[in-house]
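got a sequence here, can you build the structure:
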Amino acid sequence: MKKNILVVDDSALMRRVECDIINSSEKFEAKDTCRDGLEAYEKIKTNRYDAVILDINMPKMNGLELLKRLKKEKIRATVIVVSSLAEKDGRITIQAMENGAIDFLKKPENIIEAKGLKFRQQMEAILNTVLSSQNQPKINTGTVLPRTVPVHKKAAANNNNKLVALACSTGGPRALQSVVPFLDKNMDAPMVLVQHMPSGFTKSMAERLNELSKVKVKEAEENDILKKGCVYVAPGGYHMEVVPTGDGNHKIHLSDAPAIGGLRPCANVTYRSLKKTTFSSIVCVVMTGMGADGTEGIRELNESKPIYVIAQDEASCVVYGMPKAIAESGLTDEVVTLTDISKRIINQVGVK
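Next up, the predicted model:
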C-alpha cells in the first residue's frame, strides 16, 4: 500500500512539482494538497497522512504556526519542512524542528531547480528515510554493551586533555536540543559537532543552541582554537578537521574537499583527523541519522587513541542508522536514551 502524503505550499507550481515527484514513486501518493497552514490544520485533524511536506512562508497560517498548533493540541504528524536558504528562513527552520518537524528539505530557488534531478532525488531520499524508519519496531535498549573491539591503551601525557566528538544526521537538530543545553557550563572538554545540513542552516542551528545552552555554541571557523566548555558546529558545505597547533592546543581546519558519500561535512573526516591530535582521550557520540557516517572514522581512531563510544538508543532515534552502525561494529561502550546522553558525556569528561 502506498504511503499517503499531504503537500502544503501556497505556490501552485511547487504543489504540482512536489506532487509529480511523489506520485512518480511506487511507494508514495500525494493524497491531498493545501494552500496554507490553516487549510492543512483542518486536513490533518480529520485525515491520517504518513507524512506532510510543509512550506514555511504561507498566508493565513505559516508552517511554523501550524507546527506550534499541532504541538499544543497534541496532534501527531510526520512533518518535513521545505525551506529556503535565507537567513530568516534558516532560523525559522530550526524552530520548526524544535516544534515537531522531523527534517527539512532545501527549497529550490527557481523553476529549473525545482524540476531538476537533484531536488527530485533529495525529496525521494528524505521520504524513503523518514517513512522507512516508521516501519521498524522500536526497542529501548538503555544498556551498557560489552565492547567487542579492544580500546587502545596508549599512555597519555595529560589525562585531563579530553575531547567530545559528536555526529548526527536526520532528526539531529531536534535531538541536539535534548543534549547540548543540558551540558554543564564547566564541562572539562571542548566538543566538535557534525550535523549533516546544507550551508546556511548550521549557523542558525548553532545560534539557537547557544541561546538555549549554558556552554558556548558556535559555527566553527577556520583556525578557531578549541576551548573547554565550547561546542564547535561544522559549517554546512565544509569538512571539519581538528589539528594540533604545536603549543599544546588544537584548532579547527575547514576543507571544501569533495563530498564523501554525498556528505559535506562528513563525520568520518572529523574522526580521522583526531588520530593526529594530542588529546588523552576522546568521547565519541553517535546520534540519530541515516547511513553509517562516523563508524569507519571511529574504528580508525580506536587504533591510535583511547576512546569511549556512546550511541543513542533505537527507541529515541528518528532514524536508527548511524547509531545502529556503530553499535553493530562492536566499538560501542554504552547505548543510552537521548535524554541521558548529556549526563554520560559529563560523566566521562568531568567538570572544571
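
buried residues, the top helix by length along the chain. List them.
Secondary structure of the chain per DSSP state H: the longest helix is helix 117-134. Neighbour counts using 16 or more other Cβ atoms under 10 Å place Phe119, Arg120, Gln122, Met123, Glu124, Ile126, Leu127, Thr129, Val130, Leu131, Ser133 of helix 117-134 among the buried residues. Using the backbone N, CA and C atoms, a C-beta is placed for each residue, glycine as well.

what does stretch 236-249 contact?
With Cβ atoms under 8 Å, 6 or more residues apart in numbering as the contact definition, stretch 236-249 has outside contacts at 163, 192, 194, 197-202, 220, 225-226, 232, 234, 250-257, 260, 264-266, 269-270, 273-274, 276-278.

just the buried residues of the residues you listed.
Of the members of the contacts of stretch 236-249, the ones counted as buried by neighbours, 16+ other Cβ under 10 Å, are 163, 192, 194, 197-198, 200-202, 220, 226, 232, 234, 250-254, 264-266, 269-270, 273-274, 277.

now do the helices in the stretch 51-200 of the chain.
Remark: helices assigned in the stretch 51-200 of the chain by DSSP state H, counting those that start in this stretch are 63-72, 87-98, 111-114, 117-134, 172-176.

just the CA atoms of the second one, as CSV, please.
Once side chains and other backbone atoms are set aside, the C-alpha atoms of helix 87-98 remain, and they are given as CSV (Å, rounded to 0.1, in the frame of the first residue of the first chain):
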residue,chain,number,x,y,z
GLU,A,87,18.9,33.7,7.0
LYS,A,88,15.5,34.3,8.4
ASP,A,89,14.1,31.0,7.0
GLY,A,90,17.2,29.2,8.4
ARG,A,91,16.2,30.4,11.9
ILE,A,92,12.6,29.5,11.4
THR,A,93,13.5,26.1,10.1
ILE,A,94,15.4,25.3,13.3
GLN,A,95,12.4,26.5,15.3
ALA,A,96,10.2,24.3,13.1
MET,A,97,12.2,21.2,14.0
GLU,A,98,12.1,22.3,17.6
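
buried residues in that helix?
Burial within helix 87-98, assessed by neighbour count using 16+ other Cβ under 10 Å, is assigned to Asp89, Gly90, Arg91, Ile92, Thr93, Ile94, Gln95, Ala96, Met97, Glu98.

pLDDT weak spots in the stretch 1-150 of the chain?
In the predicted model of the stretch 1-150 of the chain, residues 85-88, 133-148, 150 satisfy pLDDT under 70.

dump the residue contacts of Met123.
Glu18, Ile21, Ile22, Ile53, Leu105.

let's go with 7 Å and repeat that
In this structure, Met123 makes contact with Glu18, Ile21, Leu105, judged by Cβ atoms under 7 Å, 6 or more residues apart in numbering.

how many residues are close by Glu65?
A count of neighbours around Glu65, defined by other Cβ atoms under 10 Å, yields 17.

so who does the nearest residue to it once chain neighbours are set aside touch?
With sequence-adjacent residues excluded and distances taken as Cβ to Cβ, 6 or more residues apart in numbering, Glu65 is closest to Gly37, at 5.8 Å. When contacts are counted by Cβ under 7 Å, 6+ apart, Gly37 touches Val8, Met58, Lys60, Met61, Asn62, Gly63, Glu65, Leu66.

how many neighbours does the fifth one have?
Counted with other Cβ under 10 Å, the burial measure for Asn62 works out to 20 neighbours.

now do the helices in the stretch 201-350 of the chain.
For the stretch 201-350 of the chain, the helices defined by DSSP H, counting those that start in this stretch cover 201-212, 267-273, 295-302, 322-328, 341-349.

Ala12: which of the ones you listed is closest?
Closest to Ala12 of those, according to Cβ to Cβ: helix 201-212, at 26.5 Å.

contacts for the closest one, please.
The set of residues that contact helix 201-212 without belonging to it, under Cβ under 7 Å, 6+ apart, is 90-91, 93-94, 173, 176-177, 180-181, 195, 197, 216-219, 233-236.

which one of the buried residues of helix 117-134 is nearest Leu70?
Minimum separation from Leu70 among those (Cβ to Cβ) is found for Val130, which lies at 16.5 Å.

in this structure that closest one contacts Ile102, no?
Yes: between Val130 and Ile102 there is a contact under Cβ atoms under 7 Å: 5.6 Å.

what residues are shared contacts of those two?
Common neighbours of Val130 and Ile102, counting by Cβ under 7 Å, 6+ apart, are Thr78, Ile80.

picking that back up, which ones among the buried ones among the contacts of stretch 236-249 lie within strands?
Leu163, Val192, Val194, Tyr232, His250, Lys251, Ile252, His253, Leu254 (DSSP state E).

could I get the contacting residues of the nearest residue to Cys230 once chain neighbours are set aside?
Nearest non-adjacent residue to Cys230, counting by Cβ to Cβ, 6+ apart: Lys216, 4.6 Å away. Under the criterion of Cβ under 7 Å, 6+ apart, the contact partners of Lys216 comprise Asn210, Gly229, Cys230, Val231.

go again with 8 Å.
Taking Cβ under 8 Å, 6+ apart, one finds Asn210, Lys227, Gly229, Cys230, Val231 in contact with Lys216.

pLDDT wise, what is it at?
The predicted local distance difference test score for Lys216 is 98.

and it, how close does it get to His250?
Separation of Lys216 from His250 (Cβ to Cβ, to the nearest Å) stands at 16 Å.
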